[in-house]
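[1] here's a sequence, model it:
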Amino acid sequence: MRWCLMTLLVAIASVHTDGYSQEFEAREHARAAAVAAGKTSTSAAPIVLQEPARSYFEWGAIVSEQGEVLNVRPGSVAAIMGLQPRDQLTHVNNKLFEPGKLAQFLTHIAELEHNQQFVVGIIRDSQTLQLTGTVQANVIPGWRLEVFHDFDEASLANDNQQQCGRLSVFFTPPAAADLHPAFINSVAGDNVRIQNPTIKLAAQEYRIGVHELIQDPSVRRGRGIAPEKYLTLTIEPNKTYHIAAKFIPAKRFKYINAEYWEPVVWKVTEQNCQLD
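    Here you go, the predicted model:
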């Protein structure tokens, strides 16, 4: 039985590094489960696993059970508000802080919505102060994973060529390294924009056309069809080359010639390759 995996990543905001690691690990576990299910299932229908997008707000302050601020993370919302160690919390918005009930206080803060303004009352050196902040939520993107049965792996190798390798855009690259999903549009001038996330190729040199799927909200694209960018790559036998779009933050506004990104091989893995 042949099977193929396809992923759809829907990013709705920039991802916090820790959140991305959690999301990436969850996706990999789900993918492994789907692969196992795909190999054992006798149903012709695709197996679908998915997880909706989730968000959370990290205020950036460590607080004791009695409401004393113990530490404030630099650059956090709490720091921007002006919160300082040894401040004594009194309330958030209209909810009073009750000593010994820190969990309730933090839960109330965590339930605030993205871009919502809120007020935290404190006592500092016998003075009562009101600190105002704006919620900056971190978003873990949603994902969808499908396993299709009886779906051939794409191959551009001739039958008389025995050695082969693969190009792949199946695995999601790490966004923390400014690496983003991409799709392969052409190989040696031939259009290969198909659903297969993996392409089998004879072992030789190729000019590969790639389009970016960068989700970073700071990217400024020009009007019209995004240009294809090229990567020259020598395919070696029994190796899989994982393709990604490398985002270049310093060139985020240079969109005329799409200078803000370049196609890269972000990982090479060993995988036996045989022509059918």
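[2] what is the end-to-end distance of stretch 81-94?
    Taking Cα to Cα, to the nearest Å, the first and last residues of stretch 81-94 lie 17 Å apart.
[3] residues of it that come out buried?
    Neighbour-count burial for stretch 81-94, counted by 16 or more other Cβ atoms under 10 Å, picks out Met81, Leu83, Asp87, Gln88, Leu89, His91, Val92. In short, each C-beta sits where N, CA and C put it, glycine included.
[4] from those, which two are the most distant?
    The most widely separated members of those, counting by Cβ to Cβ, are Met81 and Gln88 (15.0 Å).
[5] okay, the buried residues of stretch 81-94 in a markdown table with pLDDT and distance to Gly189 next?
    Output for those, formatted as a markdown table (pLDDT from 0 to 100; distance: Cβ to Cβ, whole Å):
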| residue | pLDDT | distance to Gly189 |
| --- | --- | --- |
| Met81 | 94 | 57 |
| Leu83 | 95 | 59 |
| Asp87 | 95 | 65 |
| Gln88 | 95 | 69 |
| Leu89 | 94 | 65 |
| His91 | 92 | 66 |
| Val92 | 91 | 61 |
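[6] nearest to Pro227, of these?
    Using Cβ to Cβ, the buried residues of stretch 81-94 come closest to Pro227 at Met81, 43.5 Å.
[7] spit out the contact partners of that closest one.
    Residues near Met81 by Cβ atoms under 8 Å, 6 or more residues apart in numbering: Val120, Leu131, Thr132, Gly133.
[8] now Val119
    Val92, Asn93, Gln130, Leu131, Thr132, Gly133.
[9] roughly how far does it sit from Gly133?
    Distance, Val119 to Gly133, using Cβ to Cβ, to the nearest Å: 8 Å.
[10] one more: Ala110?
    Note on Ala110: its distance to Gly133, by Cβ to Cβ, is 14 Å.
[11] rewinding a little: which of the buried residues of stretch 81-94 lies closest to Arg73?
    Using Cβ to Cβ as the measure, the one of those that approaches Arg73 most closely is Leu83, at 10.1 Å.
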